[in-house]
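Engineer: whatever this is, show me its structure:
(2 chains)
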2 protein chains.
Amino acid sequence: MRLSIALDAMSGDHGPSAVIPAALDTLKKHDDLQLILVGHEDVLRQTLRDHGASEDERLIVHHASQRVQMNDLPSQALRSKKDSSMRVAIDLVRDRVAHACVSAGNTGALMATARFVLKTLPGIDRPAICTTMPAINGHTHLLDLGANVDSTAEQLFQFAVMGSALTSAVDNIPDPKVALLNIGQEEIKGSDRVKEAAALLAESDLNYVGFVEGTDIFKGKVDVIVCDGFVGNVAIKASEGVAEMIAHYAKEEFQRSLYSRLAALLSNRVINALRQKTDPRRYNGASFLGLRGIVIKSHGGADTVSFAHAIEEAIIEIQKNVPERISSHLESLLTERQAI
Amino acid sequence: MRLSIALDAMSGDHGPSAVIPAALDTLKKHDDLQLILVGHEDVLRQTLRDHGASEDERLIVHHASQRVQMNDLPSQALRSKKDSSMRVAIDLVRDRVAHACVSAGNTGALMATARFVLKTLPGIDRPAICTTMPAINGHTHLLDLGANVDSTAEQLFQFAVMGSALTSAVDNIPDPKVALLNIGQEEIKGSDRVKEAAALLAESDLNYVGFVEGTDIFKGKVDVIVCDGFVGNVAIKASEGVAEMIAHYAKEEFQRSLYSRLAALLSNRVINALRQKTDPRRYNGASFLGLRGIVIKSHGGADTVSFAHAIEEAIIEIQKNVPERISSHLESLLTERQAI
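Structural biologist: Numbering: from 1, shown residues only, chains lettered A, B, ... in the order given. Next up is the predicted model:
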């Protein structure tokens, strides 16, 4: 099978100047891959030339006249930008021209458009956003990251099914450990919704291991952590904030004196290794789960390395047929539940 | 005025062996301070002797025969441990023998007991837990951290009033910048509760500056960040988790080879300075706000330095009369609201 992926080439802070080199790098690694660059054809062809590249059967330019801006409201994007690079890339997935699409555009617009164009899978109320987080042992999949607020227990249950199917597929784990994010105090033990979701999960055939706390996201003891989109969004952003603060202080301390600048020089190799290990670019590419098609969201500020990681995520999800796995797992769980 | 503080000396992972040296250190710094060590008198007197210290009018042993364990349910602690060091320390605040109490015990039991014994201030539905978070510029006060889940808009509003009063008092800022924690996507912009709370805050005389995201906790651009206890708890624990992961990887990288161990040796001074700057012990001492009395929660794992910081927090809150400030600010806001 030849894999085909539509890239929203106008999206993100860097647009084609990050997307095109990422596309060229990725094509070198995968012989059976075809990439469709969606965006303004003049701009794309010029950027291709700038990189000494040109179109061929594996790298196609597909014209789209509009561009969704970072501050466009999802409803505006949906209504008045029907020829945006984002919309056209998703249309190509719907029309089965592409197996997946990748965009670094506005998350809200991307989710609204993907949901409108592709529709949700049977049995899924709402799609969720799932990402991979680095951990002391391996990594953890966290969802939802902000597609939903105030999720019901049933929706949290659906997120768990989707996260489990994704993790099982991309990490080759037959029975991923699934946990619910909660707070640790006995007297409260989370909202009623979390407790109800726990009951649903305990009855299911998922490998549900119970509640975890915020610290556990970075321990890697469980494979999938499920929470409401509001909570997940705050967790991921607070984590980014801490990492930035530590980096800021480290830089400040290493520049404080001649001695510390010398120490920095000698520690350079170690610091680079550390930076690489926690490099958020390695984890770029969040999955929109629960749709009838594969949509990968790249970070808006993604550079070439980062965007290439998002394309790799799309490739794995196509190869492992993630939407089909979610759909069949959910179906078997619902049948099982009805049988009880 | 002589300040008097009751210390739950049996609490936390280290009990009197952390609390007593912290008490001795703090007494040296404050001539007008009296500390009441609450706990089993034999244990406390022995620990005092071990530290070459003894009781006097500034350091009093107050016997309590029971101890609340970390896994005691709040209801159990309240019902069957009426002579616990925690309960007796809070009773001393109610009876105006002490101006405040500090405990490193079980958060749930401490909150339930404090609420039962001291009662909430007029106009406060529920107390909240507030802590200081380090930031790139200064620090930020974050609340609630887990005393409440599923807070209403009105409760979020009350948290804002309490956080503002605390910050104004302890940081000497006349008009602290108050923000609501939210998620950044335009199409959602948080739950209905957050939006309603924003409307209430915008109408008030608080210096409400709008929504912030998780990353902003560590930037220090605002003074007070308000959220639901579930969200705050996840934010703080996820942040701890990231910091632990970075420390873990840093240690691993600095020990990888002879070269990196040498680099570590040379960077020692810099790393220590960095560690000190982000040292969570400096931020120990969360405030239980909204009660008719001052209760400070120390981290369960607090060592001497850490517990001493929690006592310092109690001293400042007594000196600045935080409960009275909250009460009068809330009253003026409610009068103002009725007048509209």
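Engineer: residue contacts, the residue nearest to A:Leu33 when sequence neighbours are not counted?
Structural biologist: Distance criterion Cβ to Cβ, 6 or more residues apart in numbering or on different chains; nearest residue to A:Leu33, sequence neighbours excluded, is A:Leu3 at 5.1 Å. Glycine gets a C-beta too; all of them are placed from N, C-alpha and C. Applying Cβ atoms under 8 Å, 6 or more residues apart in numbering or on different chains, we find A:Leu3 in contact with A:His30, A:Asp32, A:Leu33, A:Gln34, A:His99, A:Ile315, A:Ile318, A:Gln319.
Engineer: how much space between A:Leu3 and chain B?
Structural biologist: Taking Cβ to the nearest Cβ, to the nearest Å as the measure, A:Leu3 and chain B are separated by 30 Å.
Engineer: with A:Ala243 instead?
Structural biologist: 6 Å.
Engineer: what's around that residue, how many residues?
Structural biologist: By other Cβ atoms under 10 Å in any protein chain shown, 20 other residues sit near A:Ala243.
Engineer: check A:Glu240 too.
Structural biologist: A:Glu240 has 18 nearby residues by other Cβ under 10 Å.
Engineer: could you check the pLDDT of it?
Structural biologist: pLDDT for A:Glu240: 89.
Engineer: ok, and the closest non-adjacent residue to it?
Structural biologist: In this structure, A:Glu240 finds its nearest non-sequential neighbour in B:Thr215, 5.2 Å apart by Cβ to Cβ, 6+ apart.
Engineer: mind checking pLDDT for the one you found?
Structural biologist: pLDDT, B:Thr215: 93.
Engineer: so who does it touch?
Structural biologist: A:Lys237, A:Ala238, A:Glu240, A:Gly241, A:Glu244.
Engineer: same question for A:Val170.
Structural biologist: A:Glu313, A:Ile316, A:Glu317, A:Lys320, A:Val322.
Engineer: swap in 6 Å and give it another go.
Structural biologist: By Cβ atoms under 6 Å, 6 or more residues apart in numbering or on different chains, A:Val170 lies in contact with A:Ile316.
Engineer: do you know how far it is from B:Gly220?
Structural biologist: A:Val170 sits 38 Å away from B:Gly220, going by Cβ to Cβ, to the nearest Å.
Engineer: which residues in the stretch 1-150 of chain A form helices?
Structural biologist: Along the stretch 1-150 of chain A, the segments classed as helices by DSSP state H, counting those that start in this stretch run A:16-29, A:41-50, A:74-80, A:85-94, A:107-118.
Engineer: most tightly packed of these?
Structural biologist: Across these, averaging neighbours per residue (mean count of other Cβ atoms under 10 Å in any protein chain shown) puts helix A:85-94 on top, at a mean of 25.
Engineer: which residues does that one contact?
Structural biologist: Against helix A:85-94 from outside (Cβ under 6 Å, 6+ apart): A:6, A:8, A:10, A:38-39, A:64, A:67-68, A:98, A:101, A:103, A:105, A:113-114, A:117-118, A:293.
Engineer: which residue packs closest to A:Ala23, ignoring adjacent ones?
Structural biologist: Distances taken as Cβ to Cβ, 6+ apart put A:Leu35 closest to A:Ala23, at 4.8 Å, once the chain neighbours are dropped.
Engineer: now do A:Ile326
Structural biologist: Here the residue nearest A:Ile326, using Cβ to Cβ, 6+ apart, is A:Ala165, at 4.3 Å.
Engineer: tell me the pLDDT of the spatially closest residue to A:Ala153 that is not a sequence neighbour.
Structural biologist: Nearest residue to A:Ala153, sequence neighbours excluded (Cβ to Cβ, 6+ apart): A:Glu196, at 3.4 Å. If you check A:Glu196, the pLDDT there is 93.
Engineer: ok so A:Glu196 is a helix residue?
Structural biologist: Yes. The assignment for A:Glu196 is a helix, going by DSSP: H, G, I helix; E, B strand; the rest coil.
Engineer: so it sits against A:Glu154, correct?
Structural biologist: No. Between A:Glu196 and A:Glu154 there is no contact under Cβ atoms under 6 Å: 8.3 Å.
Engineer: what is the burial count for A:Cys227?
Structural biologist: 31.
Engineer: surely it touches A:Leu181?
Structural biologist: Yes. Assessed by Cβ under 6 Å, A:Cys227 is found in contact with A:Leu181 at 3.8 Å.
Engineer: would you mark the buried spots in the biggest helix by length in chain A?
Structural biologist: When chain A is parsed with DSSP state H, its longest helix is helix A:229-254. Within helix A:229-254, the residues that count as buried by 16 or more other Cβ atoms under 10 Å in any protein chain shown are A:229-243, A:245-246, A:248-250, A:253-254.
Engineer: helix B:229-254 and that helix, what's the angle between them?
Structural biologist: Between helix A:229-254 and helix B:229-254, the angle comes out at 40 degrees (axes from the mean of the first three to the mean of the last three Cα atoms, to 10 degrees).
Engineer: quick one, helix A:229-254 and helix A:107-118 angle?
Structural biologist: Relative orientation of helix A:229-254 versus helix A:107-118 (the same axes, to 10 degrees): 140 degrees.
Engineer: one step back: so the residue nearest to A:Glu240 lies in a strand, does it not?
Structural biologist: No. Counting by three-state DSSP, B:Thr215 is not found in a strand; it is helix.
Engineer: any idea how far it lies from B:Glu55?
Structural biologist: 49 Å.
Engineer: what residues sit buried inside the helix or strand hosting the residue nearest to A:Ile326?
Structural biologist: Using DSSP states H and E, A:Ala165 falls within helix A:153-171. Neighbour-count burial for helix A:153-171, with 16+ other Cβ under 10 Å as criterion, is recorded at A:153, A:155-171.
Engineer: quick check: next helix or strand after it?
Structural biologist: Past helix A:153-171, the next helix or strand by DSSP H and E is strand A:177-181.
Engineer: mind checking how far that next one is from the chain centre?
Structural biologist: For strand A:177-181, the separation from the chain centroid amounts to 18 Å (computed by Cα atoms, centre = their mean, to the nearest Å).
Engineer: for that strand, packing partners?
Structural biologist: helix A:192-203, strand A:207-212, strand A:224-226 (3 or more Cβ pairs under 6 Å, 6 or more residues apart in numbering or on different chains; DSSP states H and E).
Engineer: what angle separates it from helix A:153-171?
Structural biologist: Going by the same axes, to 10 degrees, strand A:177-181 makes 140 degrees with helix A:153-171.
Engineer: which residues are contacting strand A:177-181?
Structural biologist: By Cβ under 6 Å, 6+ apart, strand A:177-181 touches A:160, A:164, A:194, A:197-198, A:206-209, A:211-212, A:222-227.
Engineer: now which of those residues would you call buried?
Structural biologist: Buried among those by 16+ other Cβ under 10 Å: A:160, A:164, A:194, A:197-198, A:206-209, A:211-212, A:222-227.
Engineer: following the worst-scoring helix or strand of chain A on mean pLDDT, which helix or strand shows up next?
Structural biologist: Every helix and strand of chain A was ranked by mean pLDDT, DSSP states H and E. The lowest is helix A:258-277, at a mean of 77. Note on helix A:258-277: by DSSP H and E, the next helix or strand toward the C-terminus is strand A:286-289.
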